[in-house]
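Asker: Provided below are the primary sequence and the corresponding predicted coordinates.
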Amino acid sequence: MAKVSPRAPLSGPAFIRLLARLSDAHIAQSNHALADRLSQWIDWTRAVAVSKALDGKLPDSDDLPEPRPLDAEACTRVRAGLATSSVADLDALIARARVEARDAALADAPIAMPDYAPFRQHYLAMQRAMRTVTGDLRGRLRDLLALVSPDMARLAEVDAVMELTLSPREQSLLNTVPNLLGAHFERLRDAAQAHHQHADDDAAPRAVSDGWLDVFRKDMQSVLLAELDVRFHPIEGLLAALRTR
């Protein structure tokens, strides 16, 4: 019997490597430079906007609104709150699935395997929360940068244009993550069902069904936190710029 060749290690951010590990699809390593890849995301109208941000006239600082105070500690607290919420809500979903399975076993009723729908809704809700919060923080940090110096104001202007330019494509890609997790969920669930069908008659249903939920919880938690990390990269860059003033 021929052996399946192992996948070549995939380089890149932890988020991408994690998604590649959870997917059963082959993901080819990109050999294109970053500038080449960005050129595929930016059409000519956006390229003009980027050029104007780099070379155009900046708004007069006297005309800028008074920014709301914000610092690195506040950003860290917001990020920690999102991380805590994502993990706690996921744990609650897992606990609910276990309670339903336990109640069915006590009632001597057929034990339905958990459905992915609640987990999908949780992931989508966390994506909306992350998008809203990071967008607000990013805008507030740009407002602060714009008042520091002309160079920092230029950086803020470029960041604003790049956010408008890249966000649609970025969001389109991130929208595929819940579906990828759904496929992973179904593979784990199907494997547990197959194991249950071949288990001895006296095997405890919980012993058969619970293990894969633990695996999925850990994997989904890792993906959520990795996406949170990616979404905070621009914020960390703006904070670093503020620290150099």
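Answerer: Yes, it's here. Residues are numbered from 1 along each chain as shown.
Asker: Next SSE downstream of the least confident helix or strand in the chain by mean pLDDT?
Answerer: Least confident helix or strand, the chain: helix 34-41 with a mean of 70, by mean pLDDT, DSSP states H and E. Using DSSP states H and E, the helix or strand that follows helix 34-41 towards the C-terminus is helix 44-55.
Asker: Give me the angle between that following helix and helix 34-41.
Answerer: Interaxial angle of helix 44-55 relative to helix 34-41 (axes from the mean of the first three to the mean of the last three Cα atoms, to 10 degrees): 130 degrees.
Asker: List the buried residues in helix 44-55.
Answerer: Using 16 or more other Cβ atoms under 10 Å as the test for burial, helix 44-55 gives 46, 49-50, 53. Just so you know, the C-beta spots here come from the backbone N, C-alpha and C atoms, and that holds for glycine as well.
Asker: so can I have TSV of those residues showing distance to residue 176 and pLDDT?
Answerer: Converted to TSV, the buried residues of helix 44-55 look like this (distance: Cβ to Cβ, whole Å; pLDDT from 0 to 100):
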residue	distance to residue 176	pLDDT
46	22	72
49	26	71
50	26	73
53	29	71
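Asker: Which one of these is nearest to residue 182?
Answerer: Among those, residue 46 lies closest to residue 182 (Cβ to Cβ), at 32.0 Å.
Asker: before we move on, back to that, which pair of the buried residues of helix 44-55 spans the longest distance?
Answerer: Spanning the widest gap among those are 46 and 53, at 10.4 Å by Cβ to Cβ.
Asker: coming back round to it: which secondary structure elements does the least confident helix or strand of the chain contact?
Answerer: Secondary-structure packing of helix 34-41 (3 or more Cβ pairs under 8 Å, 6 or more residues apart in numbering; DSSP states H and E): helix 150-174.
Asker: Surely residue 116 is in contact with residue 186?
Answerer: Yes: here residue 116 reaches residue 186: they are 6.8 Å apart, a contact under Cβ atoms under 8 Å.
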